[in-house]
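**Student:** Just to be clear, the model below is a prediction. Sequence and coordinates:
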Amino acid sequence: MNSQFSYLYQLRCSVCQKPYDPNQVQTWCPECNTPLIAEYRLDLLGSRVSKEEIVNRPNGMWRWHELLPVVDPEKIITQGEGDTPVLSMPRLGSHLGFSHLYIKDESLNPTGSFKARGLAAAISKAYELGITRVIIPTAGNAGGAMAAYAARAGMQAAVFMPTDTPEANQLECKITGANVVLVDGLISDAAVRVREKVRLEGWFDVSTFKEPYRLEGKKVMGLELAQQFHWDVPDVIVYPTGGGTGLVGIYKAIRELQALGWMNTNRLPRIVAVQAEGCAPVVRAFEAGQDTCTFFEGAHTMASGLRVPKSFADRMILQTIRETNGTAVSVSDEEIQSAQRIWAVQEGMFVAPEGAATLAGMLKLRDSGWLQPDERVVLLNTATGLKYLDLL
């Protein structure tokens, strides 16, 4: 019987491939200024554990613990995140001319968004490594999730967010005891303040891709999708892209499952990054054939989670899109609002603006002929629309 809880064995730079020790506190590769990626002993795992064993465990993200970074199960900080449903959307699909349209609904996670997954993994690993103070710049949902999990772990938390962050996000950080600092400007301006506080006071930064483990929590979306599609993949996954952790994570998950021999196919889903027209650095870089993004000046959009002028993992996002034969598309705020209303009327779901952006992007790809009406398409809704009431 397998007794090894996690098969994590090293971290590796996503560019130079230099290995790093996961038993020590790590951030990113200082030589390349790029993210570190967790690697697992998939050869050993595949010989000791079956996918059926994992599926038959109690529900939740941590059923996949062999492919997650926490070594000691006593160090897991959880609120029951994961195992969100994949739901068919027959009315919306029929209305728009799609015969196989699905939603992966992340609004059912703790704190109301997919950020719970990444922060559960990051805070759990930080707790295991003895970290006691965590800090984050956020557009909203990540800050709320970080504050919640830090509170459950007994850690100090500091959250820096733009002054126009939705009020619900501000309140959930404050009520869980985090020190909330409002910053004039964008998440990039909040990040500058965070870096200064880290430098002066030694807080641990859990920004997107500035530590290795938020990616691991987000990748469980991909593990679940594979299971929910009976160890196959949909034809297309449409993902709202700000920092891009989930987009990269889903791809990483499918690759790991294929390496384990657990998939019934070697196909990859075509992964689509959807951004707002007012902040579309990935779309610009993709269309220009670039390997990295340039900072998007004057970023603005109602979808606060998409207002990321430049992701730290821009190279990985673009690589994922290209390796899956995907694409990148931008949509206007008006198209996002229209998609949000259509989704609610047709399926009774109040999705976040970021989630609605995937529907708006899908319609553009349908109209251009890139997307065919008989393809199996999964839209990722990242959060509940209830967090954005002050935007309506």
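**Tutor:** Yep, it's here. Residues are numbered from 1 along each chain as shown.

**Student:** which residues does the most centrally placed residue in the chain contact?
**Tutor:** When C-alpha atoms, centre = their mean is applied to the chain, the residue found nearest the centroid is residue 246 (2.8 Å). If a contact means C-beta atoms under 8 Å, 6 or more residues apart in numbering, then residue 246 has 114, 118, 218, 221, 239, 380, 382 as its contacts. From N, CA and C alone the C-beta is placed, and that goes for glycine too.

**Student:** Assess the claim that the second one and residue 219 are in contact.
**Tutor:** Read that as residue 118. No - between residue 118 and residue 219 there is no contact under C-beta atoms under 8 Å: 9.1 Å.

**Student:** Please say which of those two ends up with more neighbours.
**Tutor:** For residue 118 versus residue 219, neighbours defined as other C-beta atoms under 10 Å are more numerous around residue 118 (31 against 28).

**Student:** in stretch 81-99, what's buried?
**Tutor:** Judged by neighbour count (16 or more other C-beta atoms under 10 Å), stretch 81-99 contains these buried residues: 81-84, 89, 92-93, 96, 98.

**Student:** Looking at those residues, which is nearest residue 312?
**Tutor:** Closest approach to residue 312 among those (C-beta to C-beta): residue 81, at 23.1 Å.

**Student:** where does the closest one fall, phi/psi-wise?
**Tutor:** Torsion angles at residue 81 (phi, psi; degrees, to the nearest 10) stand at phi -70, psi 160.

**Student:** Buried residues of stretch 9-23, list them for me.
**Tutor:** With burial defined by 16+ other C-beta under 10 Å, the residues of stretch 9-23 counted as buried are 11-14, 20, 22.

**Student:** C-alpha coordinates for that stretch, CSV please?
**Tutor:** What follows is stretch 9-23 as a C-alpha-only set of coordinates in CSV (Å, rounded to 0.1, in the frame of the first residue of the first chain):
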residue,chain,number,x,y,z
TYR,A,9,10.8,16.0,-5.5
GLN,A,10,12.1,19.3,-6.9
LEU,A,11,11.4,22.7,-8.2
ARG,A,12,12.9,23.8,-11.6
CYS,A,13,13.3,27.1,-13.3
SER,A,14,10.9,27.4,-16.2
VAL,A,15,13.6,28.9,-18.4
CYS,A,16,17.1,27.7,-17.4
GLN,A,17,15.9,24.5,-15.9
LYS,A,18,18.1,24.9,-12.8
PRO,A,19,16.7,22.7,-9.9
TYR,A,20,15.7,24.1,-6.5
ASP,A,21,15.0,22.3,-3.2
PRO,A,22,11.3,22.3,-2.3
ASN,A,23,12.2,21.6,1.4
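
**Student:** any residues touching that stretch, and which ones?
**Tutor:** Everything outside stretch 9-23 that qualifies as a contact, by C-beta under 8 Å, 6+ apart, is 8, 26, 29, 31-32, 34-41, 69, 129, 212, 313, 315-316.

**Student:** quick one: the residue nearest to the centre of the chain is in a helix?
**Tutor:** Yes - Residue 246: assigned to a helix according to DSSP: H, G, I helix; E, B strand; the rest coil.
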